[in-house]
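Asker: Dropping a prediction and its sequence here:
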Amino acid sequence: MLGYGFISALMRKSLVEAKGDIIVATGPSAVTRLAGGASRQVLTRSPDETVGLGWKRPPSVATWRRFLSGELIDAQYLAAFDDAMGGAEVVVGFIAPCAMSATNLHVQIYTAPGEGAGRTFTLCVNRGASALTCTISDEEYDGSDTTHVVSIAAGDLVDLLHTEVGSPVAARGCAAVVLEPAL
C-alpha cells in the first residue's frame with residue numbers, strides 16, 4: 001500500500017494554488033486543478049463543465065409553489081390540510097434527508113377559528129415540539145413564526161403538529177416552512 005508521503009512526492013504540487021483546490025482527472029494520464037467552491041457549495045458531476053465536475057449549491061429539500069388567496073407562496077416545504085382535522089394530529093411528516101435548519105413557519109387557513117377558539121401549529125422533531133410554532137385564534141386567518149430557528153439532523157423525523165384550542169370552526173389551509181440544508 002502506498003503511503004501519503006509517497007503519493008505527495010510524486011504529485012506535481014504546482015497543480016494546486018489555494019486551500020480547497022482538488023486535482024481532477026480529465027482523461028487517461030491527464031489531470032488538472034479544480035478550484036475550491038464557494039461557501040455552502042458541493043461538488044457534483046457536471047458534463048457541461050470542462051473537467052466533468054463543478055461546484056453547485058445543493059438543491060432544496062423540496063420546492064413547491066402554490067397560490068394562496070391570490071398570493072404566490074414560494075417555500076421549500078409546503079403542507080396542505082383540510083377540515084378533517086380534529087383534536088391534535090400530525091398534518092404532514094417526512095424524514096430529513098440531510099442536516100438542515102427550519103425557519104419562517106407561515107400558516108394560512110380559509111376559515112377563522114371563531115371567537116374564543118384557535119389552532120396551534122408546531123414543527124416537531126422526532127416527536128418533540130420545537131420552538132417553531134404559531135397560533136391562529138379568534139377571527140384571524142394566518143399566523144407565523146419568523147423568530148425561531150430549529151436544527152434538524154439527517155434521519156430525524158420532522159412533523160407539523162396541529163392542535164385545536166377550544167372548538168374551532170372546521171377549516172382548510174396551508175402551512176409553509178423554509179428548510180435550508182446545513183453544510
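Answerer: Everything's here; your move. Numbers count the residues shown, from 1 in each chain.

Asker: only C-alpha atoms for contact and neighbour calcs from this point on.
Answerer: OK.

Asker: in terms of contact count, name the helices or strands touching the host helix or strand of residue 132.
Answerer: With elements delineated by DSSP states H and E, residue 132 resides in strand 128-138, which encompasses its position. When contacts are defined as 3 or more Cα pairs under 8 Å, 6 or more residues apart in numbering; DSSP states H and E, strand 128-138 packs onto strand 100-109, strand 114-125, strand 142-145, strand 150-152.

Asker: Which stretch among those strands approaches residue 173 most closely?
Answerer: Using Cα to Cα as the measure, strand 100-109 is the one of the helices and strands packed on strand 128-138 that comes nearest residue 173, at 4.0 Å.

Asker: which residues does the closest residue to residue 173 other than its chain neighbours contact?
Answerer: Nearest-residue entry for residue 173: residue 109, 4.0 Å, with adjacent residues in sequence omitted and distances by Cα to Cα, 6 or more residues apart in numbering. Neighbouring residues of residue 109 by Cα atoms under 8 Å, 6 or more residues apart in numbering: 141, 142, 171, 172, 173, 174.

Asker: Same check on residue 139?
Answerer: 112, 113, 114, 115.

Asker: Only whichever of the contacts of residue 109 are buried, select them in PyMOL.
Answerer: For the buried members of those, the matching PyMOL selection, counting by 16 or more other Cα atoms under 10 Å, is:
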select buried, resi 141+142+171+173+174
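
Asker: on that earlier part again, where among the helices and strands packed on strand 128-138 is the average confidence lowest?
Answerer: Across the helices and strands packed on strand 128-138, strand 100-109 has the smallest mean pLDDT, namely a mean of 89.

Asker: Quick one: residues in contact with the strand holding residue 132.
Answerer: The set of residues external to strand 128-138 that reach it, using Cα under 8 Å, 6+ apart, is 103, 105-107, 112-124, 142-145, 148-150.

Asker: Which of these are buried, as a ChimeraX select command?
Answerer: Buried members of those can be picked out in ChimeraX with the line below, counting by 16+ other Cα under 10 Å:
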select :103,105,106,107,112,113,114,117,118,119,120,121,122,123,124,142,143,144,145,149
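
Asker: Save the contacts of residue 109 as JSON lines, and put in distance to residue 94 too.
Answerer: As requested, the contacts of residue 109 are arranged in JSON lines below (distance: Cα to Cα, whole Å):
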{"residue": "141", "distance to residue 94": "26"}
{"residue": "142", "distance to residue 94": "23"}
{"residue": "171", "distance to residue 94": "23"}
{"residue": "172", "distance to residue 94": "21"}
{"residue": "173", "distance to residue 94": "19"}
{"residue": "174", "distance to residue 94": "16"}
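
Asker: Fine by me, thanks again.
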